[in-house]
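**Q** What follows is a predicted protein model with its sequence.
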Amino acid sequence: MNWFRSRLVAVFYFLVAAPVALVVLSALPQHAAPQPPATEIILRIDPAQSKVHWTLESTVHTVHGSFAFKRGNLQLDTSTGKTSGEIIADATSGNSGNDGRDRKMHKDVLESGKYAEIIFRPDHVEGKIALQGVFTVQVHGFLVLHGSEHELSVPVQAEFEGDHWTGSAKFTVPFINWGLKNPGNFFLKVNHSVEIDLELKGSLQSPVAP
């Protein structure tokens, strides 16, 4: 009898104490499990504020020109440097300030009526990426020019500030060695490489929710 009574008391206390404990625990501050920091950012290029400048040396004079950007959208993992997306320049917008020279460039060299886009597809970034301030990195990827893809590594100086970013890069493109037609002739010898100077501006989205 005593055993039965003690078991009955134990069950009673359990039935009373368990709900009380649940109420007390639910009132305590709840701490969610820590989430790993998001490391992916998205960089969008503003074509209206970005420009491609180019310089071609020759035996007679130095030619300066430009291309306009069409669009650009990059995804960058700041922890690994892995990059995807593409930056697209409008080959048909090439301009050197001389109509005859530009017609020859578009018809004979770039064939921009057929290959209307110049595309850079980065795959990774080498160097320390700063989420605020100026930093310099090496961007590796592939440049599609005149319908052919070529491996390219570009030094880039960039700055992230709030919801926007800026960048600049200088590099050479050996366009004749890449199979494009030499625009020179017997009297005019041109450099086999063209100097490229990029000015980039756009919006920054960071971080992206996992």
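**A** That came through fine.

**Q** ranges for the strands of the protein?
**A** Listed in chain order, the strands of the chain (DSSP state E) span 40-45, 51-57, 62-77, 83-95, 117-126, 133-145, 148-161, 164-173, 194-205.

**Q** Give the pairing partners of the fourth one; include direction for each.
**A** I take that to be strand 83-95. Using DSSP bridges, strand 83-95 pairs in its sheet with strand 62-77 (antiparallel), strand 117-126 (antiparallel).

**Q** With respect to Leu188, which of those lies nearest?
**A** For Leu188, the closest of the strands paired with strand 83-95 is strand 62-77, at 10.5 Å, according to CB to CB. C-beta: built from backbone N, CA, C; applies to glycine.

**Q** tell me the angle of that closest one relative to strand 194-205?
**A** Angle, strand 62-77 to strand 194-205, by axes from the mean of the first three to the mean of the last three CA atoms, to 10 degrees: 30 degrees.

**Q** For strand 62-77, the averaged confidence score.
**A** Over the span of strand 62-77, the pLDDT mean works out to 96.

**Q** Make TSV out of the strands of the chain and add distance to Gly184 and mean neighbour count.
**A** Formatted as TSV, the strands of the chain follow (distance: least, CB to CB, whole Å; neighbours: other CB atoms under 10 Å):
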stretch	distance to Gly184	mean neighbour count
strand 40-45	33	19
strand 51-57	10	17
strand 62-77	11	18
strand 83-95	17	19
strand 117-126	21	18
strand 133-145	19	16
strand 148-161	21	15
strand 164-173	16	17
strand 194-205	13	17
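
**Q** Next, format these as a markdown table and append distance to Lys181.
**A** Shown next, in a markdown table, are these (distance: least, CB to CB, whole Å):
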| stretch | distance to Lys181 |
| --- | --- |
| strand 40-45 | 29 |
| strand 51-57 | 13 |
| strand 62-77 | 16 |
| strand 83-95 | 14 |
| strand 117-126 | 16 |
| strand 133-145 | 13 |
| strand 148-161 | 13 |
| strand 164-173 | 14 |
| strand 194-205 | 13 |
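
**Q** Quick one: closest of the ones you listed to Pro183.
**A** Pro183 lies closest to strand 51-57 among these, at 8.2 Å (CB to CB).

**Q** Would you quantify the distance from the residue nearest the centre of the chain to Gly65?
**A** Most central in the chain under CA atoms, centre = their mean is Leu74, positioned 3.3 Å from the mean C-alpha point. To Gly65, Leu74 is 25 Å away according to CB to CB, to the nearest Å.

**Q** do the same with Ser96
**A** In this view, Ser96 and Gly65 are 4 Å apart by CB to CB.

**Q** in the sheet, who's paired with Gln75?
**A** Ile42, Ser84.

**Q** now what about stretch 123-135, what contacts it?
**A** Stretch 123-135 has contacts (CB atoms under 8 Å, 6 or more residues apart in numbering) with 41, 76, 78, 80-84, 136-142, 157-161, 206.

**Q** And it, how far out from the chain middle?
**A** Here the centre of stretch 123-135 is set off from its chain's centre by 11 Å, with CA atoms, centre = their mean, to the nearest Å.

**Q** can you give me the end-to-end distance of that stretch?
**A** End-to-end distance for stretch 123-135: 19 Å, by CA to CA, to the nearest Å.

**Q** Done for today, thanks.
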